[in-house]
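Visitor: need the 3D shape of this:
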Amino acid sequence: MNIASNNFEKAAAAANDILYGYAHSLTVFSLISLQETEIAADCNHLLWNYKLNLTTDPKFESVAVEIKECAAEERGKGYLVSCLVDHRGNITEYQCNQYIVKMTSIVFSDYRLICGFMDKCREDINTLHCGSISTGEKDVHSQGEVIACLEKGLVREAEEQPGAHAIGANCKKAIMRVAELSSDDFHLDRYLYFSCREDRERFCENTPAGEGRVYKCLFNHKFEEAMSEKCRDALTTRQKLIAQDYKVSYSLAKACKTDLRKYRCSADTNMPRAREARLSYLLLCLESAVHRGRTVSGECQGEMLDYRRMLMEDFSLSPEIVLHCRGEIEAHCSGLHRKGRTLHCLMRVGRGDLGAIDNLCQKALQTLIQEADPGADYRIDRALNEACEILSCLMEHLYTDKMVEDCEHRLLELQYFIARDWKLDPILYKKCQGDASRLCHTHGWNETSEMMPPGAIFSCLYRHAYRTEEQGRRLSRDCKVEVQRILHQRALDVKLDPELQRRCMTDLGKWCSEKAESGQVLEETTCFVLINYNMWSTMLGLDQGHSNTCTTMVYVFCIEVADNQIDTGDLMECLVQNKHQKEMNDKCAVGVTHFQLVQIKDFRFSYKFKMACKEDVLKLCPNIKKKVDVVLCLSTTVRNDTLQDMKEQRVSVKCRKQLRVEELEMSEDIRLEPELYDSCKQDIGRLCQNVAFGNAQVIECLKENKKQLTQRCHHKVFKLQEVEMMDSELDYQLMRVCKPMIRRFCTEADAKNMLQCLKQNKNSELMDPKCKQMITKRQITQNTDYRLNPVLRKSCKADIPKFCQSILNKATGDSELEGQVVSCLKLKYADQRLSPDCEDQIRVILQESALDYRLDPQLQLHCTDEISRLCPEEAAAQEQTGQVEECLKVNLLKIKVEGCKKEVLNILKESKADIFVDPVLHTACALDIKHHCAAIPPGRGRQMSCLMEALQDKRVRLQPECKKRLQDRIDMWSYAAKVAPAEGFSDLAMQVMTSPSKNYILAMIGLGVCVLFLFGLLCGRITKRVMQEQKNRGVITLFFYSIFVLLRGRGG
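Guide: I've put the predicted structure just below:
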């Protein structure tokens, strides 16, 4: 017992005579103070004077002055009574304690009886119009409203509300002192007592008064619907005072008194006293001690938990939030005051979900979260606690790295029994009890039925989850969600699914004895596949190990289909389509891919594919189970029907639609095509070991290193390219890289012909460089083999075997032709021997390859070294303007490699046939073509001949650059004629028509014909047919030889 208690006990004996005389009177006054009936003014005044005299009675003071803590108090003004009230907790003598308690109720029944209060707050009472201090204007019970009015004024000042009055410093201390003295018993806060009397009976009937217990009980029920608004306002005011001074909470001040002293939470001399007293400072100081590993008493931590929860529940208890976040609350969070919803709304604003947030508001939020520290205990955040089911949350994290092993075991032990009786899962029972009663004929909580045991109820609910609207008798939406949750949990461990465990025990022992790790078992068992996998694929789209990580991603990408997932399986399809988006969670992307890899084992694992194509598979692809084989079978059928122009497709429309989805998904990851993956696994490890799977990156790597692939892998990649070129939509990389350009240029184009559309717009100024680079890659690929260019293949189907059969005969089925067929067709184009459709396609190829030498495989094959030696700058620039070819033409005499020289000569020959395939010349002469050759159609060398005639005509003035380029071409062609003589009459005729000495040559030919005619007349008529034929052959031979000699002699 401390010194104060001893002093009280000594004084108690001397005060017994006074106490006995006053006891009866105090009891009467206490009863009167609790009544609401009006008292006559004269009687009221008489009673008030009597109470005032009690507080200043000299006999009372003569006894109280012996108390050491109260010895220095001023006499005659009632200060001793306040001192004794303040130290009443230390009194152990019963009669003395009771006397002080009764005196306390009398003192707090009227603010005028509280020592010094009226003197300190008179001016503020008048300024705030908190009430009259004249006798008779307020009855005794309404005097508590005066203090309540001042308390509200103090709160408005702290929150810096508009028009707030600055209360005097002495009055502030008096207000807080009164609140502190009344913190023990809620009867002493007269305004709160009368505001909450009915609520106390409703919520805290069995809570005894004293030690702040009733306050805490009412605080805990503050946001109950049945709580009156008047009481709620009074409680909020009380809480705001506690936020300003923790000692206004009796229980907190008492429980943490020792810890505050121990950790020196009130010893900072540099800090104002008011700051030290704030609840936030106390919480931060003690939380810091806890986080440092120091010991804080359990009673104090319990109080801290209560008040941290209080701060998270009601934002208005933090003046900084009210002051700095007023605009954000009005704009985004009005009407969400209760249960912490306003704070969570502000957090969403701070996160950027609802708009911008002021820096001061952001800082105030950060400070409040630090003070409340909800991260240390989720129970502090009521909104979070109510929104999150803890047992369900723990189950969601079973078998994850974050789950503690001991917690895992205890959780499974409990869940084992919960899984066998649906009523033991409170959330499932709450959401589904109506559905279970309606659909499964269940009884009450304690009633059982042999016809429908508890373990069968969930199976019944599951069956009804898949019924269509036409079938009726479907589950409610809330119940569907819970059924989905239970399926997630049961997918974790075979023991959590009673039916699966019963049916699969044999398979578990047979197949999984060495793979007994939970979670992995379910992925391997055959019986699991047959019983449970359909349940997964239709309802979840993912296995449990990955669904948690995808929850956020569902709301980011798939919110529109999330609610329909149970019925359609669209959720999985949506996640697959978005798994490579930048915002996609890495773990979710891995999970989606994992599920795709599992799906390829059996087409029935893909719910939508199975439902769309089940009948088609049975009819067209019987006995095939592997998804890849089924897709190949169906897609081959569709392709054959299309090529043969079948009037009616054998594969149904709905199956063709879903088949397209599956083909697109498989093109994204090489692992989804097992045959290709197995064939190229060795090459992937050798050439693409640092390339990540997904986004078709590995496939693209194999394409880029095609020349280094093994024969088996090369063949598979070639076949894949052949399919992709026929259907551009299956070219995942092309579609991904060029997606924005497809939207810009090809919105109306058929997806299968997307590459063709992109090629047509490749040189547009609006074309994205990355997309242009990808298009060029595909063009290079197409030109390596005519089979990779379906448009060319179709247009030249008659020309290829006619002119290039020798090349086809040498080729094997597994090898590529390295552009030989295309080169063959180019030469025939120069000879003007191709069909019109084929000629059009070759002209396009010539124009494209003239701009970019990389599109000519034969030129690249033979001239790589020469380009590096003679044209390094042009090649390094990678400008698709034909500069590399122009460089090779200019340096024709310097080329040492015969194969390269031959290719350049072929280019020169091709350029004679069409000026468009010589981009440098065409650019230089574009204006002259428009002026002098506009009426002449392009092709077959017509415009080139027109320019040559214009060059020879002295009356025509060509552009200097055009004239220079034409003269260069004449010199090149002259050299080409010397190095590579004409191979036939068409070659000879072309050389004559494009020769600068054309007029001279034609004159000589005309002269020769005349000489032959005269010679015939002189020699007479030869009647024998044989002799005539021999003569004709000799004349024709002489004729051609003469022309050849003339050409050689004239340099053209």
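Visitor: all strands of this protein, in order?
Guide: Counting by DSSP state E, the chain has no strands to list.
Visitor: pLDDT wise, what is I742 at?
Guide: I742 carries a pLDDT value of 93.
Visitor: ok, the one 10 residues further on next?
Guide: The score at K752 is 86. That number is its pLDDT.
Visitor: so who does the closest residue in space to K896 that isn't next to it in sequence touch?
Guide: In this structure, K896 finds its nearest non-sequential neighbour in E866, 7.3 Å apart by CB to CB, 6 or more residues apart in numbering. For every residue, glycine as well, the C-beta is placed using N, CA and C. Counting by CB atoms under 8 Å, 6 or more residues apart in numbering, E866 touches L888, I895, K896, V897, C900.
Visitor: the last one contacts Q860, correct?
Guide: When you say that, I think you mean C900. No: look at C900 against Q860 with CB atoms under 8 Å: they stay out of range, at 10.1 Å.
Visitor: so which of the two has more stuff around it?
Guide: Higher neighbour count among C900 and Q860: C900, with 22 against 19, using other CB atoms under 10 Å.
Visitor: how close does the closest residue in space to N578 that isn't next to it in sequence sit to D785?
Guide: If the residues on either side of it in the chain are set aside, N578 comes closest to F557, at 4.2 Å by CB to CB, 6+ apart. As judged by CB to CB, to the nearest Å, F557 and D785 stand 39 Å apart.
Visitor: for L672, same thing?
Guide: Taking CB to CB as the measure, L672 falls 26 Å from D785.
Visitor: got it, and R348?
Guide: 57 Å.
Visitor: these two: which is more packed in?
Guide: Neighbours were counted for R348 and for D785 using other CB under 10 Å; D785 has more, 23 against 15.
Visitor: look up how far E816 lies from that one.
Guide: From D785 to E816 the distance is 5 Å (CB to CB).
Visitor: just checking, W973 touches E910?
Guide: No: here W973 lies out of contact with E910, judged by CB under 8 Å, at a distance of 11.9 Å.
Visitor: that older thread, overlap of the contact sets of D785 and E816?
Guide: Contacts common to D785 and E816, judged by CB under 8 Å, 6+ apart, are F718.
Visitor: quick one: low-confidence ranges for the stretch 201-350 of the chain?
Guide: 266-277, 335-339 (pLDDT under 70).
Visitor: make it 50
Guide: 267, 269-273 (pLDDT under 50).
Visitor: return the residues in contact with the residue lying closest to D837 once chain neighbours are set aside.
Guide: Spatially, and ignoring its direct neighbours in sequence, D837 is nearest to S795 (4.1 Å; CB to CB, 6+ apart). Neighbouring residues of S795 by CB under 8 Å, 6+ apart: S835, D837, C838, D840, Q841.
Visitor: if we go to 10 Å?
Guide: S795 makes contact with N789, L834, S835, P836, D837, C838, E839, D840, Q841, I842, according to CB atoms under 10 Å, 6 or more residues apart in numbering.
Visitor: follow-up on the earlier one: quick check: neighbours shared by C900 and Q860?
Guide: The contact sets of C900 and Q860 overlap at I867 (CB under 10 Å, 6+ apart).
Visitor: on that earlier part again, list the ones among the contacts of E866 that fall in helices.
Guide: Members of those lying in helices (criterion: DSSP state H): L888, C900.
Visitor: tally of neighbours for Q711?
Guide: 10.
Visitor: that one reaches S815, doesn't it?
Guide: Yes: here Q711 reaches S815: they are 8.9 Å apart, a contact under CB atoms under 10 Å.
Visitor: what is in contact with those two at once?
Guide: Counting by CB under 10 Å, 6+ apart, nothing touches both Q711 and S815.
Visitor: show me the shaky parts of the stretch 401-550 of the chain.
Guide: Short version for the stretch 401-550 of the chain, where the test is pLDDT under 50: 513-547.
Visitor: contacts only, for D478.
Guide: The contact partners of D478, taken as CB under 10 Å, 6+ apart, are I427, K430, K431, C432, G434, D435.
Visitor: which residues touch the fourth one?
Guide: For C432, the contacting residues are 422-423, 425, 439-440, 442, 457-458, 461, 475-476, 478-483, 486, taking CB under 10 Å, 6+ apart as the criterion.
Visitor: tally up the residues packed near the spatially closest residue to it that is not a sequence neighbour, please.
Guide: Once flanking residues are discounted, C432 sits nearest to C479: 4.1 Å by CB to CB, 6+ apart. Using other CB under 10 Å, C479 has 22 other residues around it.
Visitor: OK, contacts around C479?
Guide: If you count contacts by CB under 10 Å, 6+ apart, C479 has them with L428, K430, K431, C432, Q433, G434, D435, A436, L439, L461, H464, A465.
Visitor: try it again with 7 Å
Guide: K431, C432, D435, L461 (CB atoms under 7 Å, 6 or more residues apart in numbering).
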